[in-house]
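J.: got a predicted structure plus its sequence, pasted below:
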Amino acid sequence: MKILNEGVTAPKGFSAADTAAGIKYQGRTDMAMVYSEADCNVAGTYTTNVVKAAPVIWDRDVVVKGGSARAIVVNSGIANACTGKEGMDICKVTADAAAEALDIKPEQVLIGSTGVIGMQIKAERITAGTKDLATKLEKSFEASERAAKAIMTTDTKHKMIAAEIELSGVKATIGAMTKGSGMIHPNMCTMLCYITTDAAISNEMLQKALSASIVDSYNMISVDGDTSTNDTCLILANGLAGNKLIDSENDDYKTFCEALDYINKELAKQMAADGEGASHLYEVIVNGAKTKDEAVTLSKSVVSSSLCKAAIYGKDANCGRFMCALGYAGVDFDPDMVDIYFESDAGSVLVVSKGAAPAFDEEIALKVLSADAVTVRCEMNAGNASATAWGCDLTYDYVKINADYRS
């Protein structure tokens, strides 16, 4: 696998565009389009929130029907969630505009929205923006970058990556972009993710690969404990690489999955590091749990704890908070067997030994916790299962950003 500093236009046949449509704000790009010159197999995963935004319902219906896809249209600023029939009508308006401009079918258009919940999108703005996007499509790196920036809301950095792999002697590429910074919590956290590939892979195998991949990537990040109404991850595969169709769990499928897992984990970490107001990437590793499920539960509990996140922000080696978060996770374990380490590029310090706080050098702990990326490693000493979760610290700026989000 070769990692590329590229995005959704890296695979053959894909192009992208951005535009300023004035969806909520004037003077900033707020719409993006991804387009494939050939029909694509498509797979998706979505929010677990019972309250689902109109684009989530639209995309899920497109994917479930098992047809082909050709384009994705995304807007930022307004989430098109809690918008009733009018929200679904906006999805149709968007799809119709894209279909007309691109000479494809409306049911081949996937839709994404992110921003304020409860506001309505003006049909004339989304229509004009969609048509403008269709005239600006490019296959360049710059087009990928601009599209990734256009879907940002409170993100401070755009997020994209690509990888080149070999499938039975044929080169294929996977590219992706995500947005996500706040309202992020495990089980398809607040995020939009769009993945493109020129690999030839069946709908069934594509869905299987994506559903498995999000388990240890996007489902393992948390910023603030809030699961969004709009979470969507879509992957489009147009087959233009020319490899033999992947329609079973063969070696090519495994190679494809390894690359997809790498891309999704890297983007998950980028989103966690860019959490609203964040000053630290906060990683929690749980080793030695009895089962994988228990390791996942424990790591999510620690990474999601507001008190633990505040301690990371304060560079405070308050080890009791981390033991506490393990203890209320709902997993039965022996506290007297647990060891906890704080780790970073600055070193490692043991802060819990066999369930109790040993004497440790506070100055060393401060140096470890002052790094941009901090890991809390929990050794349960109860089995062989492991899991890793990602999040960020909880800062004053998080409250400032969200206290006046609508304005």
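T.: Arrived safely, thanks for sending.

J.: could I get the full set of helices for this structure?
T.: In the chain, the helices defined using DSSP state H lie at 54-64, 84-102, 123-135, 141-150, 203-213, 251-273, 292-304, 306-314, 319-327, 362-369, 396-403.

J.: looking at those, which is closest to Ala356?
T.: When these are compared by CB to CB, helix 319-327 sits nearest Ala356, at 9.2 Å. The way it works is simple: take the backbone N, C-alpha and C, and place the C-beta from them, glycine included.

J.: may I see the buried residues of that closest one?
T.: Residues 319, 321-326 are the ones in helix 319-327 that count as buried (16 or more other CB atoms under 10 Å).

J.: buried set for stretch 64-75?
T.: 68-75.

J.: quick one: Gly383 and Tyr328, what's the gap?
T.: Gly383 sits 20 Å away from Tyr328, taking CB to CB, to the nearest Å as the criterion.

J.: for the buried residues of helix 319-327, give me JSON lines that also has pLDDT.
T.: As requested, the buried residues of helix 319-327 are exported to JSON lines (pLDDT from 0 to 100):
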{"residue": "Cys319", "pLDDT": "93"}
{"residue": "Arg321", "pLDDT": "93"}
{"residue": "Phe322", "pLDDT": "96"}
{"residue": "Met323", "pLDDT": "97"}
{"residue": "Cys324", "pLDDT": "95"}
{"residue": "Ala325", "pLDDT": "95"}
{"residue": "Leu326", "pLDDT": "97"}
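
J.: what residues are up against Thr130?
T.: Applying CB atoms under 8 Å, 6 or more residues apart in numbering to Thr130 gives the contacts 31, 33, 73, 94, 97-98, 101.

J.: skipping its backbone neighbours, what lies nearest it in space?
T.: Using CB to CB, 6 or more residues apart in numbering and skipping the chain neighbours, the partner closest in space to Thr130 is Ala97 (4.1 Å).

J.: output the below-cut-off pLDDT ranges for the stretch 151-300 of the chain.
T.: Residues of the stretch 151-300 of the chain meeting the criterion pLDDT under 70: 181-190, 223-228, 275-278.

J.: one step back: between Gly383 and Tyr328, which one's more packed in?
T.: Remark: of Gly383 and Tyr328, Gly383 carries more neighbours, 15 against 9, as counted by other CB atoms under 10 Å.

J.: against Gly347, how distant is that one?
T.: Distance of Gly383 to Gly347, given as CB to CB: 28 Å.

J.: neighbours around Met205, how many?
T.: Number of residues near Met205 (other CB under 10 Å) recorded here: 23.

J.: typo on my end, it should be Thr196
T.: Residues near Thr196, counting by other CB under 10 Å: 32.

J.: again with Gly84
T.: Gly84: 9 surrounding residues under other CB under 10 Å.

J.: report pLDDT for Glu142.
T.: Glu142 carries a pLDDT score of 98 in this model.

J.: residues contacting it?
T.: Neighbours of Glu142 in contact, by CB under 8 Å, 6+ apart: none.

J.: what about the residue nearest to Thr130, distance to Met33?
T.: Counting by CB to CB - Ala97 and Met33 are separated by 11 Å.

J.: the two: which is more packed in?
T.: More crowded of Ala97 and Met33, by other CB under 10 Å: Met33, with 27 against 23.

J.: just the pLDDT for that one.
T.: At Met33, the predicted lDDT confidence score is 98.

J.: what distance do you get for it to Gly129?
T.: Distance of Met33 to Gly129, computed by CB to CB: 9 Å.

J.: now swap in Ala17 and tell me
T.: Using CB to CB, Ala17 is found at 10 Å from Gly129.

J.: swap in Ala268?
T.: The value you get for Ala268 to Gly129, if CB to CB is used, is 29 Å.

J.: average pLDDT across stretch 361-380?
T.: pLDDT averaged over stretch 361-380 gives 96.

J.: now what about it, what contacts it?
T.: 273, 279-290, 295, 298-299, 302, 308, 312, 315-317, 322, 326, 333, 337-349, 351.

J.: try 6 Å this time
T.: Surrounding stretch 361-380, the residues in contact under the criterion CB atoms under 6 Å, 6 or more residues apart in numbering are 280-289, 312, 315, 317, 322, 333, 338-347, 349.

J.: buried set for that stretch?
T.: Residues of stretch 361-380 classed as buried: 365, 367-369, 371, 373-380 (neighbour count, 16+ other CB under 10 Å).

J.: could you do stretch 301-312 as well?
T.: 301-305, 308-309, 311-312.

J.: go through the residues you listed and name the one nearest Thr255.
T.: Lowest distance from Thr255 to these (CB to CB) belongs to Val303, with 30.0 Å.

J.: which residues touch that closest one?
T.: Listed by CB under 6 Å, 6+ apart, the contact partners of Val303 are 222, 284, 389, 391.

J.: please apply the same query to Thr127.
T.: Counting by CB under 6 Å, 6+ apart, Thr127 makes contact with 93, 97.

J.: coming back round to it: looking at the buried residues of stretch 64-75, which are in strands?
T.: If you go by DSSP state E, these have 69-75 in strands.

J.: send me stretch 4-14 as PDB with only the CA atoms.
T.: Taking Å, rounded to 0.1, in the frame of the first residue of the first chain, the C-alpha atoms of stretch 4-14 are listed here in PDB:
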ATOM      1  CA  LEU A   4      -0.900   9.400  -1.200                       C
ATOM      2  CA  ASN A   5      -1.400  13.100  -0.200                       C
ATOM      3  CA  GLU A   6      -4.500  13.300  -2.300                       C
ATOM      4  CA  GLY A   7      -8.300  13.000  -1.900                       C
ATOM      5  CA  VAL A   8     -11.500  12.000  -3.700                       C
ATOM      6  CA  THR A   9     -10.200  12.700  -7.200                       C
ATOM      7  CA  ALA A  10      -7.200  10.300  -6.800                       C
ATOM      8  CA  PRO A  11      -9.000   7.300  -8.300                       C
ATOM      9  CA  LYS A  12      -9.600   7.100 -12.000                       C
ATOM     10  CA  GLY A  13     -12.800   8.700 -13.300                       C
ATOM     11  CA  PHE A  14     -13.600  10.900 -10.300                       C
END
